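Asks: one predicted model, sequence on top.
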Amino acid sequence: MESNIIVDKSKKFAIRIVNLYKFLVDNKKEYVLSKQLLRSGTSIGANVCEAIRGQSKADFGTKMNIALKEASETEYWLELLFQTDYLTETQYESIMADCKEINKILTTIVKTTFTS
């Protein structure tokens, strides 16, 4: 697959999410919220990859919009994990910054796809 910014960033983010999941389960014994985070955080990149291979512009836009929804959901789970003291402020701010950046990129892609 051809490399581009959203493909690269969403894959690196998914790797961070998997590592965070392992940390939460192994060190914090947190299984419920972390599983939700794992699902939504890794789904972003999967949907981006599907979009890149989309059959049409509409298919591309739909998959990118799903990726955007998953990124928004991931922000929610990160906030919840931070506010319930499973993540330190430093951990939270670092991974949330990545999530917000992906959200901005996806928002731009979705807006551009559906208005052009």
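Replies: Structure received. Residues are numbered from 1 along each chain as shown.

Asks: contacts and neighbour counts: CA atoms only from here.
Replies: OK.

Asks: so where is the protein shaky, pLDDT-wise?
Replies: Residue ranges of the chain with pLDDT under 70: 1-3.

Asks: for it, what spans make up the helices?
Replies: 5-28, 32-52, 57-83, 89-115 (DSSP state H).

Asks: reformat the ones you listed as JSON lines; add mean neighbour count.
Replies: Converted to JSON lines, the helices of the chain look like this (neighbours: other CA atoms under 10 Å):
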{"stretch": "helix 5-28", "mean neighbour count": "17"}
{"stretch": "helix 32-52", "mean neighbour count": "21"}
{"stretch": "helix 57-83", "mean neighbour count": "20"}
{"stretch": "helix 89-115", "mean neighbour count": "15"}
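
Asks: wait, Ile6 sits on Ile105?
Replies: Yes - the criterion here is CA atoms under 8 Å, and Ile6 meets it with Ile105 at 7.1 Å.

Asks: what residues are shared contacts of those two?
Replies: Shared contacts of Ile6 and Ile105 (CA atoms under 8 Å, 6 or more residues apart in numbering): none.

Asks: could you dump stretch 15-26 to PDB, C-alpha only?
Replies: Output of stretch 15-26 as PDB, limited to C-alpha atoms (Å, rounded to 0.1, in the frame of the first residue of the first chain):
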ATOM      1  CA  ILE A  15       0.700   0.500  17.800                       C
ATOM      2  CA  ARG A  16       0.600   3.000  20.600                       C
ATOM      3  CA  ILE A  17      -2.900   1.900  21.500                       C
ATOM      4  CA  VAL A  18      -1.900  -1.800  21.500                       C
ATOM      5  CA  ASN A  19       1.000  -1.000  23.800                       C
ATOM      6  CA  LEU A  20      -1.200   1.100  26.100                       C
ATOM      7  CA  TYR A  21      -3.800  -1.700  26.200                       C
ATOM      8  CA  LYS A  22      -1.000  -4.200  27.300                       C
ATOM      9  CA  PHE A  23       0.100  -1.700  30.000                       C
ATOM     10  CA  LEU A  24      -3.400  -1.100  31.300                       C
ATOM     11  CA  VAL A  25      -4.100  -4.900  31.500                       C
ATOM     12  CA  ASP A  26      -0.800  -6.000  32.900                       C
END
